[in-house]
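Chemist: Generate a structure from the sequence data that follows.
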Amino acid sequence: MKLHLLLTAVLSWFCFAALNAQEVEYKGVAYEVKGSSILLNGYTVTETLTLDDQRNIRNAYEARSKEFRAQKKAEKDKEKAIAKAERKADKARKKAEKDTQGKKKFGLF
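Modeler: Sure thing, here's the model as predicted:
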């Protein structure tokens, strides 16, 4: 279980790092979106782009963000389901052990 949590943490960190970059490719050029600014190679190009280009770049960024959030939510739900299944199996194992111990006490009958 510790290995599972470690792997989950590492994967989440990589996914967060990928989102933090906030890069969007539009017309073959990789732009970086930071807040309301659009950067190209570290320089602000928001004002030099047309309004349509700005809108399309931001829409692509928002779509990518939504996709990432949905993926992250799915991972979290999967982790919860696995943890719940592990708790249920552990509870069943403990109950079975308790039942077998109870039968051992009265083994004479």
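Chemist: Tell me how many other residues surround residue 57.
Modeler: Burial measure for residue 57: 22 neighbouring residues, criterion other CB atoms under 10 Å. From N, CA and C alone the C-beta is placed, and that goes for glycine too.
Chemist: was I right about it contacting residue 25?
Modeler: No. In terms of CB atoms under 8 Å, residue 57 does not count as a neighbour of residue 25; the distance is 9.4 Å.
Chemist: Overlap in contacts, those two.
Modeler: residue 31 (CB atoms under 8 Å, 6 or more residues apart in numbering).
Chemist: Which stretches in the chain count as strands?
Modeler: Applying DSSP state E to the chain gives strands spanning 23-26, 29-34, 37-40, 43-44.
Chemist: Residue 22 contacts residue 33, doesn't it?
Modeler: Yes. Contact criterion CB under 8 Å: residue 22 and residue 33 qualify, at 4.8 Å.
Chemist: Who has more neighbours out of those two?
Modeler: For residue 22 against residue 33, the residue with the higher neighbour count under other CB under 10 Å is residue 33, and the figures read 21 against 15.
Chemist: Could you pull up the residues touching that one?
Modeler: If a contact means CB under 8 Å, 6+ apart, then residue 33 has 22-24, 39, 57-58, 61 as its contacts.
Chemist: From these, list just the buried residues.
Modeler: When neighbours are counted using 16 or more other CB atoms under 10 Å, the contacts of residue 33 contain these buried positions: 24, 39, 57-58, 61.
Chemist: just the helices in this structure please.
Modeler: Secondary structure of the chain by DSSP state H: the helices cover 2-21, 51-105.
Chemist: Where among these is average confidence lowest?
Modeler: Summarising mean pLDDT across the helices of the chain, the least confident stretch is helix 2-21, with a mean of 57.
Chemist: Many thanks, I have nothing further to ask.
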